[in-house]
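In: okay, predicted coordinates and the sequence, questions at the end:
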Amino acid sequence: MKLFSGAALAGTLQLVLLLPAHAQWQGSVGLGERHVIHTEYDKAGSTLVRETGWLPGLVLGAGYRAGPISWFTEGEMYRRDIAYRGQTQAGAPAESTTSTSLALVRVGGAHAFGSGYAAVAGLEWQQWRRDILGTAQAAGLQERYRSTRLVAGARKTWQPAAGAVSVDAAVVLGLGERLHVGFSGLLDPASLEMKRSQGIRIGVSMRPVTLPRIELHGGFDWTTIARSDDAPVSRGGSFIGIIAQPELNKRAMTFTIKYIFGCRKTSCAAPR
């Protein structure tokens, strides 16, 4: 019996935080395209698995602002098959396809200061489904990742004649990561507590003055998760060995276009 070596990613939707009736609110809906690169490494630092591909998706958002304080909730959903290049547990090279879906939910707030600066913080929940399809040489894996992350950073906004432009940067720290693995029925499902992730996030947004209800956004995410501790694996309830999630590096570039609604047209020029 052979199984693919595997592990990795995240999830979305969103809630709304209430503010007094006099506060300004706005919502957004749009389309996104996310390019992902997932790489797993063995203990020596050699590449075990590399997945790449584009994931189309839907983005949603809602926010309230009262004076310098604003609250927001955002959701992102992406799904598509991507390319898998790795190896079997016996070490033989293997190529397949990974059926991937990613959902993110983000809730947070921002405090605006002078000169266009703002401090931003929030919590993010991710759910990542990763099904590595089996081949004639190896059975597939069915992986489900759930994570909670703290996002904290800053934003700078400019107001040139062409339209408002914002640049933001943040650190992303895992508060809890868990992986559930299925082995195509050949072994009993297993669960692993993963190490806490850490990473950075950088983004640029623009709302053209000629299209004040349209927001264009580009972002880069980089996250790394250290190798997990060993966990037991069984067949029919009988222990047969151990498994571990290899060190995982995730990179993603995301591009979105959103339609903004709910705000007065003249006040839609500043990104949230």
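Out: Looks like it arrived, so ask away.

In: model confidence for Phe4, exactly?
Out: We have a pLDDT of 49 for Phe4.

In: that should have said Gly109, apologies.
Out: For Gly109, pLDDT reads 98.

In: so what's it bridging to?
Out: With DSSP bridges applied, Gly109 shows beta-bridge pairing to Ala121.

In: and what of Trp25?
Out: Beta-bridge partners of Trp25, as defined by DSSP bridges: Tyr64.

In: again, but for Gly182
Out: Where Gly182 sits in a bridge, its partners, by DSSP bridges, are Gln142.

In: tell me if I'm right that it and Asp188 touch.
Out: No. Using Cβ atoms under 8 Å, Gly182 makes no contact with Asp188, being 9.2 Å away. C-beta coordinates here come from the backbone N, C-alpha and C atoms, glycine included.

In: now do the SS call for Arg144.
Out: Under DSSP: H, G, I helix; E, B strand; the rest coil, Arg144 falls in the strand class.

In: with adjacent residues omitted, what lies nearest to it?
Out: Distance criterion Cβ to Cβ, 6 or more residues apart in numbering; nearest residue to Arg144, sequence neighbours excluded, is His180 at 4.5 Å.

In: repeat for Gly63
Out: Take Gly63 and drop its neighbours on the chain: the residue closest to it by Cβ to Cβ, 6+ apart is Phe72, 3.9 Å away.

In: show me the shaky parts of this protein.
Out: The chain contains residues with pLDDT under 70 at 1-23, 89-90, 263-272.

In: can you give me the strands in this protein?
Out: With DSSP state E, the ranges of strands along the chain come out as 24-41, 47-66, 69-87, 93-112, 117-132, 141-158, 163-182, 190-193, 198-208, 214-225, 231-235, 238-243, 247-261.

In: mind giving me JSON lines with the ones you listed and columns for mean neighbour count?
Out: As requested, the strands of the chain are exported to JSON lines (neighbours: other Cβ atoms under 10 Å):
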{"stretch": "strand 24-41", "mean neighbour count": "18"}
{"stretch": "strand 47-66", "mean neighbour count": "19"}
{"stretch": "strand 69-87", "mean neighbour count": "19"}
{"stretch": "strand 93-112", "mean neighbour count": "19"}
{"stretch": "strand 117-132", "mean neighbour count": "19"}
{"stretch": "strand 141-158", "mean neighbour count": "18"}
{"stretch": "strand 163-182", "mean neighbour count": "17"}
{"stretch": "strand 190-193", "mean neighbour count": "15"}
{"stretch": "strand 198-208", "mean neighbour count": "17"}
{"stretch": "strand 214-225", "mean neighbour count": "18"}
{"stretch": "strand 231-235", "mean neighbour count": "14"}
{"stretch": "strand 238-243", "mean neighbour count": "11"}
{"stretch": "strand 247-261", "mean neighbour count": "18"}
